[in-house]
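J.: dropping the sequence and predicted coords here.
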Amino acid sequence: QVQLVESGGGLVQAGGSLRLSCAASGGTFSTYFMGWFRQAPGKEREFVAAISWGSRVTYLSDSVKGRFTISRDNAKNTLYLHMNSLKPEETAGYYCAAASRFLGSDYDRQDAYDYWGQGTQVTVSS
């Protein structure tokens, strides 16, 4: 069983950048399909990005394409989300998640992921 701990959130002005990290322990990180989700106050949790074991395949939601990048360092057991040109409406808790199998077309489904972190808060001021 893998444990996930997010970090890197904070307060940033609109148009700014942040890099979120998700440190994994207790499992073989390189065998997990990984994803990022976010949940804004009063809204449903939504998919942001996902990446396959060896980084060969990545997925991004349409709303973040061209601004966000997902990456992973299997040697460091860490997942990243690089966020640029942030918008106030992207204020949310950001969560990383791990799946024990390759998700294929299920990459954006929350119920496809087996493990979740506690989240890190990102606040974008206007």
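T.: Structure received.
J.: quick one, what contacts the residue nearest in space to the middle of the chain?
T.: The centroid of the chain falls nearest to Trp36 when counting by C-alpha atoms, centre = their mean (2.2 Å). Applying C-beta atoms under 8 Å, 6 or more residues apart in numbering to Trp36 gives the contacts 20, 22, 47-50, 70, 79, 81, 94-97. The way it works is simple: take the backbone N, C-alpha and C, and place the C-beta from them, glycine included.
J.: which residue sits closest to it in space, ignoring its chain neighbours?
T.: Excluding the flanking residues, the one nearest Trp36 by C-beta to C-beta, 6 or more residues apart in numbering is Val48, at 4.3 Å.
J.: ok, Gly15 next?
T.: Nearest one to Gly15, counting by C-beta to C-beta, 6+ apart, is Ser85 at 5.8 Å.
J.: tell me, how many residues neighbour that neighbour?
T.: When neighbours are counted by other C-beta atoms under 10 Å, Ser85 registers 13.
J.: what do you get for Leu4?
T.: When neighbours are counted by other C-beta under 10 Å, Leu4 registers 24.
J.: how about the one 3 residues further on?
T.: Applying other C-beta under 10 Å, we find 13 other residues in the vicinity of Ser7.
J.: buried residues, the helix or strand that Cys22 is a member of. List them.
T.: Using DSSP states H and E, Cys22 sits in strand 18-25. Within strand 18-25, the residues scored as buried using 16 or more other C-beta atoms under 10 Å are 18, 20-24.
J.: could you do stretch 114-122 as well?
T.: 115-117, 119-120, 122.
J.: now stretch 94-102
T.: Buried residues in stretch 94-102, defined by neighbour count with 16+ other C-beta under 10 Å: 94-99.
J.: and which of the residues you listed is nearest Arg56?
T.: Ala99 (15.5 Å; C-beta to C-beta).
J.: dump the residue contacts of that closest one.
T.: Taking C-beta under 8 Å, 6+ apart, we find Ala99 in contact with 32-35, 112-114.
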